[in-house]
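Engineer: how does the following fold in three dimensions:
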Amino acid sequence: MNCSRASDHCDVLSRQARQERGFTVESLDAEIGKNQLEWHEVVTQNRRSTPAEIATARIDIADWLERMGRRRREIAESLAAGYRTDEVAERFRLSCSRVSQLRREFDDSWTEFQRDRDEREFAAA
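Structural biologist: Sure thing, here's the model as predicted:
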């Protein structure tokens, strides 16, 4: 599949952007050493994240992904793993345009999920 790469440098999940800007995106289902780890065991940690924040992120990501159908979840996981738009399009037999639309839908869905979670926490307090 041939996709325009004009905007790849702006997409943090694209390999081109990662190479040009010198950062990495870790796969949620990365393999570390000889053990295959579940994505929730690989949530990226940094020195500013507390154990509670890491646990919350793992729970939230799992809950968010569980709300999706299997195919949609696999597409989201592929994008999170760093596959390019054209690679995901080919794997799932979609157009590059549709994969880009899905990427925006995932972003909107995650934002809404977080807002709903915040509202539930506020109501419970």
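
Engineer: only C-alpha atoms from now on, for both contacts and neighbour counts.
Structural biologist: Noted.

Engineer: L79: which element?
Structural biologist: helix 70-80 (DSSP states H and E).

Engineer: next, the buried residues of the longest helix seen in the chain.
Structural biologist: Once the chain is assigned using DSSP state H, the helix that runs over the most residues is helix 96-124. For helix 96-124, the neighbour count (16 or more other CA atoms under 10 Å) marks 96, 99, 102-103, 106, 110, 113 as buried.

Engineer: what helices or strands is it leaning on?
Structural biologist: helix 70-80, helix 85-92 (3 or more CA pairs under 8 Å, 6 or more residues apart in numbering; DSSP states H and E).

Engineer: do that again at 6 Å, thanks
Structural biologist: helix 85-92 (3 or more CA pairs under 6 Å, 6 or more residues apart in numbering; DSSP states H and E).

Engineer: mean confidence score for the helix it packs on?
Structural biologist: Helix 85-92 shows a mean pLDDT of 94.

Engineer: now what about that helix, what contacts it?
Structural biologist: 95-96 (CA atoms under 6 Å, 6 or more residues apart in numbering).

Engineer: about what we covered before: the longest helix of the chain - what's its average pLDDT?
Structural biologist: 88.

Engineer: next, the angle from it to helix 70-80.
Structural biologist: Put simply, helix 96-124 runs at 100 degrees to helix 70-80, going by axes from the mean of the first three to the mean of the last three CA atoms, to 10 degrees.

Engineer: tell me what angle helix 96-124 forms with helix 85-92.
Structural biologist: Using the same axes, to 10 degrees, helix 96-124 lies at 90 degrees relative to helix 85-92.

Engineer: W64: what's it in contact with?
Structural biologist: W64 neighbours (CA under 6 Å, 6+ apart): none.

Engineer: R48 versus that one, what's the distance?
Structural biologist: W64 sits at a distance of 23 Å from R48 (criterion: CA to CA, to the nearest Å).
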